[in-house]
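# kindly return the folded structure for what I paste below:
(2 chains)
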Amino acid sequence: MIKYTIRRLIQAIPTFFGITMLSYLLMTAAPGGPTAALAFDPRISPQERHAMEARLGVSDPWPVQYLRWLAGDDWMRRDTDGDGKADTCILIPCDADGDGQNEPAGTRRGLLRLDFGTSFFERRPVTEVIGDRVNATFELGLSALVVSLIVGIPLGILAGVYRGSLFDNAARLVSVVFSAVPIFWLGLILILIFGRWLDILPLGGRHGIVLTGEVPPLYTRLNYLILPTFVLAANYIAVYTRYMRASLLDVITQDYVRTAQAKGLSGRRVWFIHTARNALIPIATFLGPAITGILGGAVLTETIFSWPGLGRTGVSAVIQQDYPVVMAVVIIGAAATIFGYIVSDIMYALIDPRIRFD
Amino acid sequence: MNRFGKVLLVTMAVAVLALLVLPVGAQDEGGIIVDSSFGSGPINFNPVTSTAASEQDVMNRLYPNLLGVNPETGVIEPNMPGGLAESWDISDDGTVYTFHLRSGFTWTDGEPVTAYDFEYTWDAVTSGEIETNLVFLVNDPVVEMTAIDDYTLEVTFTSADCEALNSAGLQPIPKHLFEPMGFASINEENFTDPDDIEIGPYQLASQIPDQQTALIPATWDNPDGLPDNDGWVMRIYGDQTVEFQSFLAGEIGVLESVAPNLQADVISAAEDGSLQYYQYSPGDAWDYMAFNLANPDNPQAAYDEDGNLIEQDPHPIFGDLRVRQAINMAVNVDNIIEGAVFGNGARMQSIYAPGSWPYVEDVPFYEYDPEAAAAMLEEAGWVDDDNDPSTPRVAQGAMYAEDGTPMTFTLFTNQGNTRRTAIGTIIQDELAQVGVGVDFQTIDFNVLLDIMDQQTYDAFILGWRNSYPFRADQRQLWATDSDVIAGDNFTSYVNPELDDLWVQASTVPGCDIEARREIYSQIQQIMHEDTPYMFLYSINGMYAWNSKIQGVNPYPGAFYWNIEKWTVTE
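Residues are numbered from 1 along each chain as shown, chains lettered A, B, ... in the order given. This is a model prediction of the structure:
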């Protein structure tokens, strides 16, 4: 198992860098650029904007930009005489903006040396930008995952056990609705119903007003978590319900179930010990995509519910073309996806003793 | 369903209900003003490097400006709220202003705020070591700022200019802290830590990115006194609909800018007395359709390398003034005001909105007259060759287009703006009725900016927001030397007579308002006739606030000017 996990992680490395390279290419190929938003002021001339682009390095060819992001620029633009200005430059010009003065020596160490860069807009390290938001996304994502599992799986089991009943039909209807309704629409409708009309839940945010800057403990702000969690989990509740029901009905026809019934085991023991456990195997394989999907769903959910997480930051960063932040979000997404699939495989083996990894 | 199933169902139902009935988090707002902002929240409170409007709202409470604006008149005057200059003298030639600053203001650490802080801030901005949008100061008329003593600041301008003061506004950073570390250190400081340094009357209490910014009254003396309320919090919303619903629900107490499509909802909601609002016309934003007067296949700068004026290659359709005027007559702007801003707009006939001080009423509107428009297009050599008004006209003897060229053009606006999409749709429909084909496209804003910079477009719909205090000088948009790439004259409008009038208007001896208005009247008349833009409307502004908030006394463009006096009653 350990060997298998290590091998999978090693195999993931080229995938990971392939994703980053493609993402960087797509990002820089998009029209505009960070200075369109940074310097959107009629008093700043297009010439000045172009000079700003040059200083930020976003007008360099994309392979150079990617290389700088990956390996830093402290070796590309060096200061050998100690005046703080670059005088030895490789791949990029010493005087990027053409004002007759060399730019300061490069200080970026690049991703390979765990330097994610500095946000163009927040003007602080990307690790800080991400660090401020990652807890919120983790909190929302985890709660959505847990809710989707603890609601979806029992619903699927009950729908399978009472197949053809009113409950089964109702569960099917709910699954179809939850699968079909777009997140943004569901979110807005629930905000209107529970926030405005019934006035029993807050309309957005992660917590109420605090002057101290400390995020209050989770148990004091569960009400803020309810709607975004439900909206983010809705689709996965539907998926787990249908998967679980279908899997259960598949397992129920197996010989060992018939044997268990013939041995006189109670119905509850047959359903929940022998049948449900085996029916969970396909669910485990779905966990990897679910982690990725929930991270993707957080983009919309966080925006609608004003949840201060990574998804919303990612959206802002893409709109503003804040390349270092976009790349950090891409890395997190890629890592979560790869991690999710590896966890799925491991869980598969844990649940099904017939499966062994070479 | 067996007993186990029932128990499971009941448990789940109870769990969901329990979550639903949990009380909404107790929000002990007391005297706290809860405000909001939509989109990316404030992230940088450094007066030199900040770029976002929401950040300016926060910084205005933390750092007074050199100059304050009279909220009633919208004009920079001595001793105004938010300004440190209590008086100033102007040299005989009008190029040197000597500002006398108020004393008694201190930084958080007790150090006095002096003219040297302003001088240092100016030096930092112009040092070239800081990435700052304030570089416009470099390009604009300010030459230098020099501290004469602790409370006297001398500002030198390149020339006498009646709007010079608009370029001199600056919020200071503390010299005593940054000077030992060098200008470059300013780049690294976002001022988002509550322990960072401020002047007041508020201080930063906390900053949670994308969630809220909280200010509380300063804990040190302020010559203007400390706020009557317990603080001001800006909540950040990711969705504008949710932000608005949160205001109606009372979760936020203030809405600084109510969109035109929501203004009727506010008026309706205010009927029960729970809300109050202030609607004003004209607002500070206006929409237009810009014509490219230059050939998009051959865009050129205004001047060559030797500074000689380059004769522009005219646009095949819009190069002809008669066509631009005909299009103005073919579009019913009143329809657009109804369709795009729900009637919440004031029509504009030229560059200034009704109500602004340079505005003159005697500049006429283009009357909606599609028949006259069609006749004018015929006269300009754009004929309906197949007697089918639903197909575009073609050129036959047109001034700048080859015969047979169809009269169609591409009209861009930015994606996601429903107001401008409505404008484009109406224009497309109305121009089709006079035989002008419009390929209306909504595109990414960044793409549009690129196209505008490169001048490879036919026409686009966008808007401008007037600066506050109001600046009558629009050379940035219309002067020949602002032709792209040098400035924002994206239409390549070249008119030497107008270039002279702009200078005259800003250098009137004594800056007599009536004399200036007379010159701006000529400018408005010329711009109306030359119509490089089809001027549409200015959008009515609206502020709204919860009736629990007392002391709000807004003026057009000035909502927060007395926020220190606002209080919240339960």
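
# residues contacting the nearest residue to residue B:32 once chain neighbours are set aside?
Distances taken as CB to CB, 6 or more residues apart in numbering or on different chains place residue B:231 nearest to residue B:32, at 4.7 Å, with adjacent residues excluded. Every residue, glycine included, has its C-beta placed from N, CA and C. Residues near residue B:231 by CB atoms under 8 Å, 6 or more residues apart in numbering or on different chains: A:211, B:31, B:32, B:33, B:202, B:205, B:214, B:215, B:216, B:217.

# pretty sure the third one contacts residue B:234?
Spelled out, it's residue B:32. No: applying CB atoms under 8 Å as the test, residue B:32 and residue B:234 come out as separate, 11.1 Å apart.

# backbone dihedrals for the residue nearest to residue B:32, please?
phi 150, psi 180 (degrees, to the nearest 10).

# from residue A:21, how far out is it?
As judged by CB to CB, to the nearest Å, residue B:231 and residue A:21 stand 47 Å apart.

# rewinding a little: comparing residue B:32 and residue B:234, which shows the higher neighbour count?
Shown here are residue B:32 and residue B:234; by other CB atoms under 10 Å in any protein chain shown, residue B:234 has more neighbours (25 against 20).

# tell me which element that one is part of?
Assessed by DSSP states H and E, residue B:234 sits inside strand B:231-237.

# ok, residue A:294 next?
helix A:276-304.

# that helix versus strand B:231-237: what angle between them?
120 degrees (axes from the mean of the first three to the mean of the last three CA atoms, to 10 degrees).

# okay, buried residues for helix A:276-304 please.
Residues A:276, A:278-288, A:290-304 are the ones in helix A:276-304 that count as buried (16 or more other CB atoms under 10 Å in any protein chain shown).

# of these, list those near chain B.
A:302, A:303, A:304 (CB under 8 Å from any CB of the partner chain).

# so the residue nearest to the last one when sequence neighbours are not counted, which state does it fall into?
Leaving aside its sequence neighbours, residue A:304 sits nearest to residue A:187 (CB to CB, 6+ apart; 3.9 Å). Three states are possible here, and by DSSP: H, G, I helix; E, B strand; the rest coil the one that applies to residue A:187 is helix.

# tell me the contacts of residue A:187?
Contacts of residue A:187 by CB under 8 Å, 6+ apart are A:227, A:228, A:231, A:300, A:301, A:304, A:305.

# let me know the pLDDT of the first one.
Among the per-residue scores, residue A:227 holds a pLDDT of 96.

# which ones are touching it?
For residue A:227, the contacting residues are A:187, A:190, A:191, A:194, A:195, A:201, A:305, by CB under 8 Å, 6+ apart.

# looking at the residues you listed, which has the most residues close by?
Counting neighbours by other CB under 10 Å, residue A:305 leads the contacts of residue A:227 with 33 neighbours.

# against residue A:231, how distant is that one?
7 Å.

# do residue B:419 as well
Distance of residue B:419 to residue A:231, given as CB to CB: 28 Å.

# swap in residue B:468?
Note on residue B:468: its distance to residue A:231, by CB to CB, is 39 Å.

# which SSE is immediately downstream of the helix or strand hosting residue B:505?
For residue B:505, the host element (DSSP H and E) is helix B:496-506. Next helix or strand after helix B:496-506 toward the C-terminus (DSSP H and E): helix B:513-530.

# buried stuff in that following helix?
Of the residues in helix B:513-530, those buried (16+ other CB under 10 Å) are B:516-517, B:519-528, B:530.

# return the distance of whichever helix or strand comes after it from the chain's centre.
As assigned by DSSP H and E, the chain's next helix or strand after helix B:513-530 is strand B:533-546. What separates the centre of strand B:533-546 from the centre of its chain is 11 Å, taken as CA atoms, centre = their mean, to the nearest Å.

# using the three-state scheme, assign whichever residue of the stretch 301-450 of chain B sits closest to chain A.
Nearest residue of the stretch 301-450 of chain B to chain A: residue B:446, at 2.1 Å (CB to the nearest CB). Under three-state DSSP, residue B:446 falls in the helix class.

# so who does the residue nearest to residue A:242 when sequence neighbours are not counted touch?
In space, and not counting its chain neighbours, residue A:242 is closest to residue A:175: 5.2 Å by CB to CB, 6+ apart. For residue A:175, the contacting residues are A:237, A:238, A:239, A:241, A:242, by CB under 8 Å, 6+ apart.

# one more time with 10 Å, if that's ok
A:152, A:155-156, A:159, A:234-235, A:237-243, A:245 (CB atoms under 10 Å, 6 or more residues apart in numbering or on different chains).

# could you find the closest non-adjacent residue to the residue of the stretch 301-450 of chain B closest to chain A?
With CB to CB, 6+ apart as the criterion, residue B:446 has its nearest non-adjacent residue at 2.1 Å, and that residue is residue A:32.

# go on, residue A:347?
residue A:284 (4.1 Å).

# in chain A, what residue comes closest to chain B?
Residue nearest to chain B within chain A: residue A:32 (2.1 Å; CB to the nearest CB).

# helix, strand or coil for that residue?
Counting by three-state DSSP, the backbone at residue A:32 sits in coil.

# partners of the most centrally placed residue in chain B in the sheet?
The structure's chain B has its C-alpha centroid closest to residue B:465; by CA atoms, centre = their mean the separation is 3.1 Å. For residue B:465, the beta-bridge partners are residue B:285 (DSSP bridges).

# contact partners for it?
Residues near residue B:465 by CB under 10 Å, 6+ apart: A:42, B:53, B:283, B:284, B:285, B:286, B:539.

# quick one: which of these is nearest to residue B:277?
residue B:283 (13.3 Å; CB to CB).

# surely that closest one touches residue B:541?
Yes: assessed by CB atoms under 10 Å, residue B:283 is found in contact with residue B:541 at 3.3 Å.

# for the chain, name the helix or strand with the lowest mean pLDDT.
In the absence of a named chain, chain A is used. Ranking every helix and strand in chain A by mean pLDDT, DSSP states H and E puts helix A:34-38 at the bottom, with a mean of 74.

# my bad, the chain I had in mind was chain B
helix B:3-21 (a mean of 50).
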